[in-house]
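Visitor: Sequence isn't available, so here's the structure alone:
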Ligand SMILES: NC(=O)c1ccc[n+]([C@@H]2O[C@H](COP(=O)([O-])OP(=O)(O)OC[C@H]3O[C@@H](n4cnc5c(N)ncnc54)[C@H](OP(=O)(O)O)[C@@H]3O)[C@@H](O)[C@H]2O)c1
(Lines give C-alpha, C1' and ligand atoms only; values in the text may rest on other atoms or scores of the structure.)
Protein backbone atom coordinates (compact mmCIF):
# COMPACT_ATOMS: atom_id res chain seq x y z
CA UNK A 1 0.00 0.00 0.00
CA UNK A 2 1.38 3.39 -0.99
CA UNK A 3 -0.11 6.50 0.58
CA UNK A 4 0.31 9.60 -1.57
CA UNK A 5 -0.55 13.13 -0.56
CA UNK A 6 -1.52 15.05 -3.70
CA UNK A 7 -1.89 18.84 -3.59
CA UNK A 8 -1.37 22.09 -5.42
CA UNK A 9 0.83 24.33 -3.30
CA UNK A 10 1.79 27.96 -3.82
CA UNK A 11 5.40 29.05 -3.30
CA UNK A 12 4.47 30.32 0.18
CA UNK A 13 2.78 27.03 1.18
CA UNK A 14 -0.80 28.29 0.72
CA UNK A 15 -3.28 25.68 -0.54
CA UNK A 16 -6.60 27.44 0.07
CA UNK A 17 -8.56 30.55 0.97
CA UNK A 18 -12.19 30.80 2.11
CA UNK A 19 -12.79 27.11 1.31
CA UNK A 20 -11.47 27.38 -2.24
CA UNK A 21 -8.16 27.51 -4.09
CA UNK A 22 -6.91 31.07 -4.56
CA UNK A 23 -5.76 30.62 -8.18
CA UNK A 24 -6.97 29.32 -11.49
CA UNK A 25 -4.28 27.54 -13.49
CA UNK A 26 -5.82 26.02 -16.63
CA UNK A 27 -4.85 22.37 -17.19
CA UNK A 28 -3.25 21.83 -13.77
CA UNK A 29 -6.09 19.59 -12.58
CA UNK A 30 -5.54 17.12 -15.44
CA UNK A 31 -2.56 15.65 -13.55
CA UNK A 32 -4.73 15.19 -10.46
CA UNK A 33 -7.31 13.26 -12.47
CA UNK A 34 -4.71 11.06 -14.18
CA UNK A 35 -2.93 10.22 -10.91
CA UNK A 36 -5.99 9.48 -8.79
CA UNK A 37 -8.21 7.70 -11.33
CA UNK A 38 -9.16 4.22 -10.12
CA UNK A 39 -7.74 4.73 -6.61
CA UNK A 40 -9.51 5.54 -3.34
CA UNK A 41 -9.28 9.20 -2.30
CA UNK A 42 -9.36 10.38 1.30
CA UNK A 43 -10.63 13.90 1.94
CA UNK A 44 -11.77 16.10 4.79
CA UNK A 45 -15.44 16.96 5.17
CA UNK A 46 -14.73 20.59 4.18
CA UNK A 47 -12.89 19.65 1.00
CA UNK A 48 -15.73 17.26 0.15
CA UNK A 49 -18.20 20.14 0.61
CA UNK A 50 -16.28 22.13 -2.02
CA UNK A 51 -15.32 19.33 -4.41
CA UNK A 52 -18.02 16.65 -4.09
CA UNK A 53 -17.49 13.02 -5.09
CA UNK A 54 -15.51 12.60 -8.31
CA UNK A 55 -16.33 9.86 -10.85
CA UNK A 56 -14.20 6.73 -11.21
CA UNK A 57 -12.73 6.88 -7.71
CA UNK A 58 -13.91 5.84 -4.27
CA UNK A 59 -14.27 8.93 -2.08
CA UNK A 60 -13.74 8.45 1.64
CA UNK A 61 -14.79 11.48 3.67
CA UNK A 62 -13.28 12.04 7.10
CA UNK A 63 -15.58 13.67 9.66
CA UNK A 64 -16.19 13.55 13.40
CA UNK A 65 -19.92 14.08 12.81
CA UNK A 66 -21.69 10.79 13.64
CA UNK A 67 -24.72 11.79 11.51
CA UNK A 68 -22.80 12.72 8.36
CA UNK A 69 -24.07 10.93 5.24
CA UNK A 70 -23.70 11.82 1.55
CA UNK A 71 -24.47 10.06 -1.69
CA UNK A 72 -21.61 8.33 -3.45
CA UNK A 73 -19.11 8.49 -0.59
CA UNK A 74 -17.88 6.30 2.23
CA UNK A 75 -17.47 7.90 5.63
CA UNK A 76 -14.66 7.41 8.16
CA UNK A 77 -14.63 8.90 11.65
CA UNK A 78 -10.88 8.56 12.13
CA UNK A 79 -7.79 8.01 10.01
CA UNK A 80 -7.62 4.52 11.48
CA UNK A 81 -11.08 3.74 10.12
CA UNK A 82 -10.10 5.19 6.74
CA UNK A 83 -7.02 2.92 6.65
CA UNK A 84 -9.28 -0.05 7.36
CA UNK A 85 -11.59 0.97 4.49
CA UNK A 86 -8.71 1.22 2.03
CA UNK A 87 -7.24 -2.09 3.26
CA UNK A 88 -3.91 -2.48 1.48
CA UNK A 89 -4.89 -0.55 -1.67
CA UNK A 90 -2.76 2.39 -2.83
CA UNK A 91 -4.66 5.56 -2.06
CA UNK A 92 -4.46 9.34 -2.35
CA UNK A 93 -5.01 11.95 0.32
CA UNK A 94 -6.55 14.92 -1.47
CA UNK A 95 -6.86 17.48 1.32
CA UNK A 96 -7.50 19.85 2.84
CA UNK A 97 -5.00 21.23 5.32
CA UNK A 98 -6.26 19.30 8.36
CA UNK A 99 -6.28 15.97 6.56
CA UNK A 100 -2.86 16.51 4.96
CA UNK A 101 -1.46 17.22 8.44
CA UNK A 102 -3.15 14.12 9.85
CA UNK A 103 -1.93 11.80 7.07
CA UNK A 104 1.58 13.21 6.51
CA UNK A 105 3.30 10.93 9.07
CA UNK A 106 1.94 7.89 7.17
CA UNK A 107 2.63 9.15 3.65
CA UNK A 108 5.12 7.40 1.37
CA UNK A 109 4.99 9.97 -1.43
CA UNK A 110 4.07 13.61 -2.00
CA UNK A 111 2.85 14.67 -5.44
CA UNK A 112 2.81 18.45 -5.42
CA UNK A 113 1.93 20.94 -8.14
CA UNK A 114 4.00 23.99 -7.30
CA UNK A 115 2.10 27.13 -8.27
CA UNK A 116 4.54 30.03 -8.78
CA UNK A 117 2.41 32.54 -6.88
CA UNK A 118 2.34 33.92 -3.33
CA UNK A 119 -1.39 34.40 -2.62
CA UNK A 120 -2.93 35.27 0.73
CA UNK A 121 -4.58 32.21 2.24
CA UNK A 122 -5.95 30.49 5.35
CA UNK A 123 -4.99 26.87 4.59
CA UNK A 124 -1.38 25.67 4.29
CA UNK A 125 0.41 22.48 3.29
CA UNK A 126 2.03 21.01 6.45
CA UNK A 127 5.81 21.10 6.69
CA UNK A 128 6.24 23.19 3.54
CA UNK A 129 8.85 23.69 2.04
CA UNK A 130 10.39 20.23 1.60
CA UNK A 131 13.77 21.25 0.04
CA UNK A 132 15.75 20.37 3.18
CA UNK A 133 13.33 17.99 4.91
CA UNK A 134 15.45 15.03 6.13
CA UNK A 135 12.66 12.46 5.64
CA UNK A 136 11.93 13.45 2.02
CA UNK A 137 13.87 13.43 -1.24
CA UNK A 138 12.78 15.07 -4.49
CA UNK A 139 12.62 12.19 -6.97
CA UNK A 140 11.03 13.89 -10.01
CA UNK A 141 10.33 17.37 -11.36
CA UNK A 142 8.18 18.12 -14.39
CA UNK A 143 7.75 21.66 -15.72
CA UNK A 144 4.43 22.69 -17.24
CA UNK A 145 3.10 25.99 -18.51
CA UNK A 146 2.15 27.71 -15.23
CA UNK A 147 3.05 25.02 -12.68
CA UNK A 148 5.72 22.42 -11.83
CA UNK A 149 4.94 18.92 -10.59
CA UNK A 150 7.32 17.85 -7.81
CA UNK A 151 7.46 14.28 -6.50
CA UNK A 152 8.96 13.61 -3.10
CA UNK A 153 9.62 10.09 -1.79
CA UNK A 154 10.14 9.20 1.82
CA UNK A 155 13.85 8.56 2.24
CA UNK A 156 13.44 5.27 4.07
CA UNK A 157 10.24 3.33 3.44
CA UNK A 158 7.93 2.72 6.38
CA UNK A 159 7.14 -0.58 7.92
CA UNK A 160 3.67 -1.35 6.60
CA UNK A 161 0.71 -3.12 8.13
CA UNK A 162 -0.80 -5.42 5.51
CA UNK A 163 -4.38 -6.63 5.57
CA UNK A 164 -5.30 -9.59 3.51
CA UNK A 165 -4.18 -13.18 3.38
CA UNK A 166 -5.13 -15.09 6.50
CA UNK A 167 -1.54 -16.06 7.07
CA UNK A 168 1.00 -14.58 4.69
CA UNK A 169 3.19 -17.17 3.04
CA UNK A 170 6.55 -17.25 4.78
CA UNK A 171 5.43 -14.97 7.60
CA UNK A 172 7.39 -15.39 10.79
CA UNK A 173 5.35 -15.59 13.91
CA UNK A 174 6.23 -13.54 16.92
CA UNK A 175 5.07 -13.87 20.50
CA UNK A 176 4.31 -10.45 21.89
CA UNK A 177 3.36 -8.93 25.22
CA UNK A 178 1.79 -5.54 25.72
CA UNK A 179 0.47 -3.48 28.60
CA UNK A 180 -2.64 -1.35 28.98
CA UNK A 181 -1.32 1.10 31.59
CA UNK A 182 -4.22 3.03 33.14
CA UNK A 183 -3.88 6.09 35.35
CA UNK A 184 -6.78 8.30 36.51
CA UNK A 185 -9.07 7.06 33.73
CA UNK A 186 -6.47 7.57 31.00
CA UNK A 187 -4.58 5.00 28.98
CA UNK A 188 -0.94 5.24 27.95
CA UNK A 189 -0.42 4.92 24.20
CA UNK A 190 2.78 5.23 22.23
CA UNK A 191 3.55 6.17 18.66
CA UNK A 192 6.05 3.87 16.99
CA UNK A 193 9.05 5.10 15.05
CA UNK A 194 8.89 2.37 12.43
CA UNK A 195 5.32 2.80 11.19
CA UNK A 196 4.03 6.03 12.70
CA UNK A 197 0.97 4.32 14.19
CA UNK A 198 -0.24 4.35 17.80
CA UNK A 199 -0.28 1.27 20.03
CA UNK A 200 0.17 0.03 23.57
CA UNK A 201 3.71 -0.31 24.95
CA UNK A 202 4.94 -3.83 24.22
CA UNK A 203 6.99 -6.03 21.96
CA UNK A 204 8.49 -9.44 21.40
CA UNK A 205 9.06 -11.91 24.22
CA UNK A 206 12.73 -12.88 24.59
CA UNK A 207 13.83 -16.49 25.10
CA UNK A 208 13.63 -17.45 28.79
CA UNK A 209 11.20 -14.66 29.63
CA UNK A 210 7.60 -14.99 30.74
CA UNK A 211 4.99 -12.88 28.96
CA UNK A 212 4.48 -10.64 31.99
CA UNK A 213 8.25 -10.11 32.39
CA UNK A 214 8.39 -9.11 28.74
CA UNK A 215 5.50 -6.68 29.21
CA UNK A 216 7.20 -4.99 32.18
CA UNK A 217 10.53 -4.80 30.36
CA UNK A 218 8.98 -3.43 27.16
CA UNK A 219 7.09 -0.74 29.09
CA UNK A 220 10.33 0.29 30.84
CA UNK A 221 12.48 0.23 27.66
CA UNK A 222 9.95 2.03 25.49
CA UNK A 223 8.63 4.63 27.90
CA UNK A 224 10.96 4.67 30.94
CA UNK A 225 7.94 3.96 33.15
CA UNK A 226 7.95 1.27 35.86
CA UNK A 227 4.54 -0.45 35.88
CA UNK A 228 2.88 -3.15 37.98
CA UNK A 229 0.58 -5.74 36.43
CA UNK A 230 -3.00 -6.03 37.71
CA UNK A 231 -4.15 -8.92 35.51
CA UNK A 232 -4.66 -10.17 31.98
CA UNK A 233 -6.76 -7.98 29.69
CA UNK A 234 -6.83 -10.19 26.60
CA UNK A 235 -5.01 -12.55 24.34
CA UNK A 236 -4.75 -11.17 20.85
CA UNK A 237 -4.11 -12.21 17.31
CA UNK A 238 -5.46 -10.89 14.07
CA UNK A 239 -5.10 -13.57 11.44
CA UNK A 240 -5.83 -11.05 8.69
CA UNK A 241 -2.98 -8.73 9.52
CA UNK A 242 0.73 -9.12 9.00
CA UNK A 243 3.48 -6.55 9.36
CA UNK A 244 5.63 -6.16 6.24
CA UNK A 245 9.10 -4.76 6.90
CA UNK A 246 11.13 -2.84 4.32
CA UNK A 247 13.64 -5.74 4.10
CA UNK A 248 10.81 -7.94 2.77
CA UNK A 249 10.09 -10.14 5.78
CA UNK A 250 6.59 -10.57 7.16
CA UNK A 251 5.62 -11.08 10.79
CA UNK A 252 2.39 -12.09 12.41
CA UNK A 253 1.98 -11.32 16.09
CA UNK A 254 0.36 -13.46 18.77
CA UNK A 255 0.34 -11.96 22.21
CA UNK A 256 -1.04 -11.29 25.63
CA UNK A 257 -2.07 -7.87 26.88
CA UNK A 258 -1.88 -7.13 30.60
CA UNK A 259 -3.66 -4.49 32.61
CA UNK A 260 -1.19 -2.44 34.61
CA UNK A 261 -0.72 0.77 36.55
CA UNK A 262 2.30 3.05 36.83
CA UNK A 263 4.53 2.68 39.88
CA UNK A 264 7.27 5.22 39.25
CA UNK A 265 8.75 7.44 36.57
CA UNK A 266 7.23 9.62 33.89
CA UNK A 267 6.22 8.30 30.49
CA UNK A 268 8.86 9.42 27.97
CA UNK A 269 10.18 8.40 24.58
CA UNK A 270 12.86 6.00 23.35
CA UNK A 271 14.58 4.79 20.18
CA UNK A 272 11.43 2.95 19.09
CA UNK A 273 8.77 5.27 20.47
CA UNK A 274 8.64 8.85 19.24
CA UNK A 275 5.67 10.01 21.32
CA UNK A 276 3.77 8.92 24.42
CA UNK A 277 0.32 10.16 25.34
CA UNK A 278 -2.24 9.56 28.10
CA UNK A 279 -5.61 9.40 26.35
CA UNK A 280 -9.27 9.24 27.29
CA UNK A 281 -11.58 6.77 25.58
CA UNK A 282 -12.80 9.55 23.25
CA UNK A 283 -9.27 10.65 22.33
CA UNK A 284 -8.22 7.05 21.72
CA UNK A 285 -11.12 6.61 19.28
CA UNK A 286 -9.61 9.27 16.98
CA UNK A 287 -6.10 7.77 16.84
CA UNK A 288 -4.80 5.63 13.99
CA UNK A 289 -3.98 2.46 15.92
CA UNK A 290 -1.99 -0.55 14.77
CA UNK A 291 -4.47 -3.34 14.04
CA UNK A 292 -3.53 -5.52 17.02
CA UNK A 293 -4.33 -2.60 19.34
CA UNK A 294 -7.73 -1.72 17.82
CA UNK A 295 -9.69 -4.06 20.05
CA UNK A 296 -7.40 -3.85 23.10
CA UNK A 297 -7.56 -0.08 23.46
CA UNK A 298 -11.35 0.28 23.85
CA UNK A 299 -11.34 -2.87 25.99
CA UNK A 300 -8.80 -1.29 28.36
CA UNK A 301 -11.42 1.28 29.37
CA UNK A 302 -13.93 -1.42 30.32
CA UNK A 303 -13.74 -3.18 33.63
CA UNK A 304 -15.41 -6.39 32.48
CA UNK A 305 -14.16 -9.96 32.77
CA UNK A 306 -10.92 -11.18 31.34
CA UNK A 307 -11.40 -12.36 27.76
CA UNK A 308 -9.40 -14.81 25.70
CA UNK A 309 -9.43 -15.34 21.96
N1 LIG B 1 -4.54 23.14 -3.04
C2 LIG B 1 -5.01 21.91 -2.90
O3 LIG B 1 -4.51 20.95 -3.52
C4 LIG B 1 -6.17 21.66 -2.00
C5 LIG B 1 -6.75 20.38 -1.90
C6 LIG B 1 -7.83 20.19 -1.02
C7 LIG B 1 -8.31 21.25 -0.28
N8 LIG B 1 -7.71 22.48 -0.41
C9 LIG B 1 -8.17 23.64 0.37
O10 LIG B 1 -8.06 23.33 1.76
C11 LIG B 1 -9.07 24.08 2.46
C12 LIG B 1 -9.86 23.09 3.34
O13 LIG B 1 -8.99 22.54 4.31
P14 LIG B 1 -9.43 22.46 5.85
O15 LIG B 1 -8.21 22.08 6.61
O16 LIG B 1 -10.15 23.72 6.22
O17 LIG B 1 -10.53 21.31 5.84
P18 LIG B 1 -10.47 19.74 5.45
O19 LIG B 1 -9.13 19.18 5.85
O20 LIG B 1 -10.90 19.55 4.05
O21 LIG B 1 -11.64 19.14 6.37
C22 LIG B 1 -11.62 19.36 7.75
C23 LIG B 1 -12.65 18.48 8.39
O24 LIG B 1 -12.22 17.12 8.37
C25 LIG B 1 -12.71 16.48 9.53
N26 LIG B 1 -11.59 16.01 10.35
C27 LIG B 1 -10.42 16.65 10.60
N28 LIG B 1 -9.63 15.91 11.40
C29 LIG B 1 -10.32 14.77 11.67
C30 LIG B 1 -10.05 13.60 12.45
N31 LIG B 1 -8.88 13.46 13.13
N32 LIG B 1 -10.98 12.63 12.52
C33 LIG B 1 -12.16 12.75 11.84
N34 LIG B 1 -12.48 13.85 11.09
C35 LIG B 1 -11.57 14.83 11.00
C36 LIG B 1 -13.54 17.49 10.29
O37 LIG B 1 -14.87 17.36 9.80
P38 LIG B 1 -16.18 17.68 10.69
O39 LIG B 1 -16.09 19.16 10.99
O40 LIG B 1 -17.33 17.28 9.84
O41 LIG B 1 -16.03 16.83 11.93
C42 LIG B 1 -12.93 18.79 9.84
O43 LIG B 1 -13.78 19.92 9.99
C44 LIG B 1 -9.94 24.73 1.41
O45 LIG B 1 -9.51 26.09 1.27
C46 LIG B 1 -9.63 23.96 0.14
O47 LIG B 1 -9.80 24.72 -1.03
C48 LIG B 1 -6.67 22.70 -1.25
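Guide: Yes, it's here. Everything quoted here is computed from the prediction, not taken from an experiment.
Visitor: Now do the strands in the stretch 201-309 of the chain.
Guide: Remark: strands assigned in the stretch 201-309 of the chain by DSSP state E, counting those that start in this stretch are 202-204, 226-236, 241-244, 250-264, 273-279.
Visitor: Surely residue 91 and residue 3 touch.
Guide: Yes: here residue 91 reaches residue 3: they are 6.3 Å apart, a contact under CB atoms under 8 Å. For glycine as for every other residue, the C-beta is placed from the backbone atoms N, C-alpha and C.
Visitor: higher neighbour count, the two?
Guide: Taking other CB atoms under 10 Å, residue 91 and residue 3 do not tie; residue 91 has more neighbours (24 against 21).
Visitor: Check what pLDDT that one gets.
Guide: According to the prediction, residue 91 has pLDDT 94.
Visitor: And stretch 33-40, end to end?
Guide: 12 Å (CA to CA, to the nearest Å).
Visitor: closest to the ligand out of the strands of the stretch 201-309 of the chain?
Guide: strand 273-279 (13.1 Å; CB to the nearest ligand atom).
Visitor: Can you give the strand pairings for that closest one, parallel or anti for each?
Guide: When pairing is defined by DSSP bridges, strand 273-279 lines up against strand 186-192 (antiparallel).
Visitor: The helix ranked longest in the chain packs against which elements?
Guide: Identified as the longest helix of the chain according to DSSP state H is helix 211-223. Applying 3 or more CB pairs under 8 Å, 6 or more residues apart in numbering; DSSP states H and E, one finds that helix 211-223 contacts strand 172-183, strand 186-192, strand 202-204, strand 226-236, strand 250-264, strand 273-279.
Visitor: how near is residue 139 to residue 292?
Guide: Going from residue 139 to residue 292 by CB to CB, to the nearest Å gives 33 Å.
Visitor: Can you tell me the closest non-neighbouring residue to residue 200?
Guide: In space, residue 200 comes closest to residue 178 once its chain neighbours are excluded; the distance is 4.4 Å by CB to CB, 6 or more residues apart in numbering.
Visitor: Perfect, I'm done here.
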